[in-house]
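Novice: Here is my input, please return the structure:
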Amino acid sequence: MSVMLSQSLQVDIEKLNKDIALFPEVHSITPDMKLTHKGVSRLVMLDRYTYKDTEKITLSAGDFVVLTIKEDPKFPARGLGFIQEIDHILNTAKVLVEEDYRGVLEGEEAQTGVIVRSLDIIEKPLEIYYEQIAKRNATGLASVEKTEEKRQEWFQKFYSELVNLNFIPAGRVLYGAGAGTDVTYFNCYVMPFVQDSREGISEHRKQVMEIMSRGGGVGTNGSTLRPRNTLAKGVNGKSSGSVSWLDDIAKLTHLVEQGGSRRGAQMIMLTDWHPDIIEFIISKMQNPRILRFLIENTQDETIKKHAQDKLKFTPFTEQERSMYQGILNYKNIPGQGGFNEGIFRDAEEKLSSGGTYTVHQSEFLTGANISVCLTNEFMEAVEKDEDYELRFPDVESYDKEQMQHYNEEWHKVGDVREWLAAGNKVRVYRKIKAKELWNLINICATYSAEPGIFFIDNGATRSLISAA
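Specialist: Residues are numbered from 1 along each chain as shown. I've put the predicted structure just below:
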């Protein structure tokens with residue numbers, strides 16, 4: 001028995017079943033199995049959700065594998081293929097890539113579809129049918145029953161719903177249930193507010209790292225972290241601000257290897273009343289043109305300052321200026337030196353600008369999507385074209401007793417409005433035209449797809465975050 005995967009490539013089912021017999025978690029392939037999915041869905045199933053021979057104890061020539069076809073630090077390309085040869089000394093394998101995944105290859109590799117890759121980025125899926133995953137999941141979910149009779153009863157019930165696609169669990173369940181691993185069964189976690197202390201940040205970071213290592217995505221609201229340059233009395237210094245700490249947390253996405261092959265995922269949020277909100281929004285902007293637009297068009301000096309701080313200008317060398325001027329010297333000469341009007345316009349623009357614009361800290365917060373938590377008060381201020389207060393608990397003026405109360409309770413509240421209503425002192429750091437902040441959010445979201453917006457005053461959502 002074999003399964004056709006393309007015109008020339010087949011999986012040897014008999015051999016695969018012999019390999020599967022070494023793994024008690026995996027169910028053998030039977031003739032009635034048929035669900036393999038197609039296209040991206042097939043790749044995702046095989047790459048993210050199937051049980052694999054991760055130690056490669058059964059890997060041999062002829063095996064069907066999922067692998068990294070194009071190695072790229074940010075956007076690696078995964079695909080499917082068949083092992084042709086294995087070199088255990090060099091720890092590499094020659095793989096014939098399926099035609100659908102050859103588009104990212106170049107040169108001879110693109111022509112032949114044959115590539116040589118490290119064994120470290122090659123994985124052998126033992127489940128190539130969705131029915132195998134459904135059986136493993138059903139077995140795992142039914143395993144909590146106390147008797148074999150009940151386990152069989154609930155196995156059949158779960159399997160019937162899963163195999164008929166009446167119910168499809170979240171990805172972490174598909175990957176983890178019945179696999180005997182310590183991965184999470186939850187795709188995403190809403191974290192508690194971060195306690196505003198070095199110990200609190202370290203503990204939050206530890207929890208994020210643990211969740212991500214087990215395959216979970218993480219959402220962090222950093223609104224409880226004190227603003228940049230706020231006094232930290234304990235060390236007689238100034239805070240580096242919420243945004244720098246949130247960037248440190250976001251970097252974990254690049255550092256933590258997750259359960260399975262699921263890429264790390266984080267969402268980091270800051271509420272509209274936080275004094276660092278402008279820095280937060282602009283810190284991830286990667287488009288120099290938009291930063292220049294903000295500098296030239298905003299009426300708010302803080303927005304202008306953060307845009308200027310993010311923008312990086314590198315003046316042209318004398319050689320570069322001479323090159324562009326040399327092009328323009330042909331503008332009014334018959335034949336124009338082979339240059340067209342587009343090239344002349346570009347040269348004029350380059351000389352006018354005097355250099356190139358890029359951004360500082362281009363990797364800042366790239367480990368996470370960012371969102372602004374919007375309050376009802378802010379949206380009302382936008383509609384009425386009013387000023388809006390950026391504020392935070394007045395930690396600089398707190399006495400010892402008030403500071404102890406802040407350290408113990410602020411991260412449990414996480415909302416400056418509730419903190420004020422409870423009789424605690426709050427400092428207004430500055431006022432901003434609500435429409436200026438609203439326009440900043442919209443401009444950045446339009447041209448860089450971030451930040452997202454999160455309506456924090458939705459009752460159910462806010463309760464979830466407060467209770468998490």
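Novice: which SS class is A138?
Specialist: Here A138 is recorded as helix under DSSP: H, G, I helix; E, B strand; the rest coil.
Novice: residues in contact with it?
Specialist: Residues counted as contacts of A138 (CB atoms under 8 Å, 6 or more residues apart in numbering) are W154, F155, Q156, F158, Y159, L162, G178. Where you see a C-beta, it was placed from the backbone N, CA and C, and this is true even at glycine.
Novice: These, buried ones only, as a ChimeraX selection?
Specialist: To isolate the buried members of those in ChimeraX, using 16 or more other CB atoms under 10 Å:
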select :154,155,158,159,162,178
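Novice: Which of the contacts of A138 scores worst on pLDDT?
Specialist: Ranked by pLDDT, those bottom out at G178, which has 92.
Novice: picking that back up, mind listing which of the contacts of A138 are in helices?
Specialist: Applying DSSP state H to those, the entries found in helices are W154, F155, Q156, F158, Y159, L162.
Novice: Now Y130: closest residue in space, sequence neighbours ignored.
Specialist: Nearest residue to Y130, sequence neighbours excluded (CB to CB, 6 or more residues apart in numbering): L35, at 3.8 Å.
Novice: Neighbours of the one you found, how many?
Specialist: Applying other CB atoms under 10 Å, we find 14 residues neighbouring L35.
Novice: Quick one: classify it as helix, strand or coil.
Specialist: Relying on three-state DSSP, one would call L35 coil.
Novice: List of residues touching the helix or strand harbouring T253?
Specialist: Assigned by DSSP states H and E, T253 belongs to helix 252-255. Helix 252-255 is contacted from outside by R205, V208, M209, M212, G264, A265, Q266, T366, G367, A368, using CB under 8 Å, 6+ apart.
Novice: Swap in 10 Å and give it another go.
Specialist: Contact partners of helix 252-255, identified using CB atoms under 10 Å, 6 or more residues apart in numbering, comprise 73-74, 205-206, 208-209, 211-213, 217-218, 263-266, 363, 366-368.
Novice: Which positions within it qualify as buried?
Specialist: Judged by neighbour count (16+ other CB under 10 Å), helix 252-255 contains these buried residues: L252, T253.
Novice: Can you pull out the low-pLDDT segments for the stretch 101-250 of the chain?
Specialist: The stretch 101-250 of the chain contains residues with pLDDT under 70 at 233-236.
Novice: Let me see the ranges of the helices in it.
Specialist: Using DSSP state H, counting those that start in this stretch, the helices of the stretch 101-250 of the chain run over residues 107-112, 130-142, 148-163, 171-176, 198-213, 242-250.
Novice: And those: which comes nearest Y330?
Specialist: Counting by CB to CB, Y330 lies closest to helix 107-112 out of these; the figure is 36.6 Å.
Novice: Could you report the pLDDT at the residue positioned nearest the centre of the chain?
Specialist: By CA atoms, centre = their mean, the chain has its centre lying nearest to A265, at 3.6 Å. Listed pLDDT for A265 reads 85.
Novice: Kindly provide the distance from the nearest residue to it once chain neighbours are set aside to A170.
Specialist: The shortest distance from A265 to any non-neighbouring residue, by CB to CB, 6+ apart, is to G217 (3.7 Å). Distance, G217 to A170, using CB to CB, to the nearest Å: 11 Å.
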